[in-house]
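Novice: coords please:
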Amino acid sequence: MSSVFRNNGISFLSIPSNDYARSAEFYRSVFGWKVEVRPGHASFEDGSGHVIGHWEKEFRAVGEAGIVPFIYVERLKPIIERIRTNGGRIVKAPYAEGNLTVALFQDGDGNVLGIWQQGAMD
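Specialist: All right, here's what the predicted structure looks like:
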């Protein structure tokens with residue numbers, strides 16, 4: 001059974017996008033997500049295998065308003081570099097939150113997501 005079928009677990013995201021192929025390439029390049037691009041559709045599986053989804057033209061990016069999903073990474077620094085290299089931007093620089101380091105980024109469609117790691121950023 002797939003690990004997306006977890007009772008009461010978040011398992012699917014629709015991410016707003018005006019360009020499916022560009023969005024798929026961004027998240028594949030930055031986070032290593034498995035993506036599938038077909039005419040008029042692109043879908044993904046995150047690096048954990050617990051969340052799947054697709055990019056959707058029907059929805060508008062909400063920026064920093066609304067729900068902000070956070071992606072755990074082992075090291076923020078290389079992820080931030082890949083975000084910038086692939087057309088994203090950091091909207092809130094890394095900051096300490098207890099024993100974590102957290103940052104917010106914006107993808108090419110204006111969606112704001114968070115990234116975090118355990119401990120201080122090296």
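Novice: for F59, helix, strand, or coil?
Specialist: coil (DSSP: H, G, I helix; E, B strand; the rest coil).
Novice: which residues touch it?
Specialist: S14, P16 (CB atoms under 8 Å, 6 or more residues apart in numbering). Any C-beta I mention is one placed from the backbone N, CA and C, and that applies to glycine too.
Novice: scan this structure for its longest helix.
Specialist: Longest helix in the chain by number of residues, with DSSP state H as the criterion: helix 20-31.
Novice: what's the average pLDDT for it?
Specialist: The average pLDDT within helix 20-31 is 95.
Novice: CA atoms of it as CSV?
Specialist: C-alpha atoms of helix 20-31 as CSV (Å, rounded to 0.1, in the frame of the first residue of the first chain):
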residue,chain,number,x,y,z
TYR,A,20,3.1,23.2,-15.4
ALA,A,21,6.4,22.2,-17.0
ARG,A,22,8.3,25.1,-15.4
SER,A,23,6.8,24.4,-11.9
ALA,A,24,7.6,20.6,-12.2
GLU,A,25,11.2,21.4,-13.2
PHE,A,26,11.6,23.9,-10.3
TYR,A,27,10.5,21.4,-7.6
ARG,A,28,12.4,18.5,-9.3
SER,A,29,15.6,20.6,-9.4
VAL,A,30,15.3,22.1,-5.9
PHE,A,31,13.9,19.2,-3.9
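Novice: give the residue spans of this protein that score low on pLDDT.
Specialist: 1-2 (pLDDT under 70).
Novice: can you give me the helices in it?
Specialist: 20-31, 76-85.
Novice: mean neighbour count, those helices: which tops it?
Specialist: helix 20-31 (a mean of 20; mean count of other CB atoms under 10 Å).
Novice: what angle separates that helix from helix 76-85?
Specialist: Relative orientation of helix 20-31 and helix 76-85, computed by axes from the mean of the first three to the mean of the last three CA atoms, to 10 degrees: 160 degrees.
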